[in-house]
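A.B. asks: What follows is a predicted structure for the sequence shown.
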Amino acid sequence: MMRLPKFRFEMPGTLAEAAAIVAENPDRTRLVAGGTDLWPNLKRRHQEAGCVVSLAKVAGIAGIAGDGATGVTIGAMTTLAEICENDMLARDYPGFVRAVRSISAPVLRNMGTIGGNLCLDTRCTYYNQNEEWRRSIGYCMKAEGTVCWVAPGSSRCWATSATDSAPVLCAIGATIKLVSTEGERVIDLAALYQDDGIDYLTKRRDEILTELRLPAVGGAKSSYWKLRRRGSIDFPVLGVGAMLELDDQGVCTRAAVWLGAVRSAPVACADAAAHLVGKKIDENVVAEAAKLARKPAAPLDNTDFVVAWRKTMVERYVDGVLRELAGLPEKVKNPRHGIACV
């Protein structure tokens with residue numbers, strides 16, 4: 001049986017109390033929301049903590065307010081299940097809800113929170129093993145060692161971003177609120193991430209993510225496609241989040257394409273999006289955008305499936321998601337249950 005290590009446990013009732021506790025020793029303090037990521041990581045000794053601060057009793061950081069016409073605020077402690085069951089979100093932000101529905105399985109979505117998923121630890125074949133396995137090969141750079149076993153000659157960790165919600169939220173332009181004893185600030189969600197398997201978040205260790213904010217929809221549509229081996233439980237091997245806005249003539253006025261699980265942070269496919277804007281969207285335009293989306297992706301041999309095939313699937317999935325948003329005939333079947341039919 002895997003057991004938690006010893007640590008001090010705090011359950012404050014207000015955000016100010018939580019921020020004050022974290023500020024005492026931010027480098028040795030961990031925040032826990034639903035616990036679906038932190039508790040297993042602590043048990044496997046992937047992470048350690050002198051103090052764990054639970055946000056479960058903190059007032060005012062859960063719930064959904066607003067609508068697609070004016071924008072939506074979602075508290076960080078809102079469960080994934082609550083998002084899945086919200087009719088307004090399903091209507092106005094379908095790509096976001098599809099991404100959340102793809103996370104793990106119903107039992108864990110009842111526990112997991114949107115704030116936790118946005119801050120999800122990066123993953124790697126060589127890291128997400130039990131302590132004895134990792135010790136037997138020599139710890140990797142992400143946990144006590146000095147070598148990245150994915151790329152032994154590299155000076156950095158290549159563990160991959162595993163959050164399903166982030167790619168589509170970055171595509172629609174979501175923002176987040178961070179709070180600490182020094183005050184609060186609102187940043188683009190995209191600015192929360194950096195391409196480093198260890199230091200994958202830019203937020204300071206004393207900051208608490210309290211809110212997710214979705215912009216007004218306007219005429220935009222969004223979608224999310226996920227590649228994984230099984231139809232549930234599995235983390236993404238590839239996630240494609242996209243947003244498309246077309247005028248009455250079918251000309252693209254806004255576009256964004258983001259990839260997940262191909263690097264240590266969500267990746268913007270800027271050239272692909274730029275290729276779409278100003279053009280009447282047809283099969284040829286979509287196909288060229290999909291080719292351009294393949295360039296910024298850099299999947300490595302640190303997760304499921306063969307690398308060369310995963311690179312090919314980037315193009316296939318981007319083509320599929322853009323066809324869906326543009327109302328074009330389906331060429332790759334939507335992967336609602338794992339791997340798309342290609």
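C.D. replies: Looks like it came in fine.

A.B. asks: Every contact and neighbour count from this point should use C-alpha atoms.
C.D. replies: Will do.

A.B. asks: pretty sure Gly241 contacts Ala171?
C.D. replies: Yes: using CA atoms under 8 Å, Gly241 makes contact with Ala171 at a distance of 6.2 Å.

A.B. asks: and for those two, which residues touch both?
C.D. replies: 257-258 (CA atoms under 8 Å, 6 or more residues apart in numbering).

A.B. asks: Those two: which is more packed in?
C.D. replies: The neighbour count for Gly241 versus Ala171, taken as other CA atoms under 10 Å, is higher for Gly241 (32 against 27).

A.B. asks: tell me which element Gly241 falls in.
C.D. replies: strand 238-246 (DSSP states H and E).

A.B. asks: helices or strands next to that strand in the packing?
C.D. replies: helix 165-172, strand 220-227, strand 252-260, helix 307-326 (3 or more CA pairs under 8 Å, 6 or more residues apart in numbering; DSSP states H and E).

A.B. asks: now do 6 Å
C.D. replies: helix 165-172, strand 220-227, strand 252-260 (3 or more CA pairs under 6 Å, 6 or more residues apart in numbering; DSSP states H and E).

A.B. asks: Turn these into CSV, including distance to Phe305 and mean pLDDT.
C.D. replies: CSV is the format used below for the helices and strands packed on strand 238-246 (distance: least, CA to CA, whole Å; pLDDT from 0 to 100):
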stretch, distance to Phe305, mean pLDDT
helix 165-172, 21, 98
strand 220-227, 10, 97
strand 252-260, 15, 98
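
A.B. asks: Okay, now the sheet partners of the strand holding Gly241, with direction.
C.D. replies: Using DSSP bridges, strand 238-246 pairs in its sheet with strand 220-227 (antiparallel), strand 252-260 (antiparallel).

A.B. asks: Show me what the shortest one is in contact with.
C.D. replies: Same thing as strand 220-227. 95, 99, 236-245, 338-339 (CA atoms under 6 Å, 6 or more residues apart in numbering).

A.B. asks: who wins for neighbours among these?
C.D. replies: That'd be Gly241 among the contacts of strand 220-227, by other CA under 10 Å, with 32 neighbours.

A.B. asks: mind checking how far it is from Ala268?
C.D. replies: Gly241 sits 10 Å away from Ala268, going by CA to CA, to the nearest Å.
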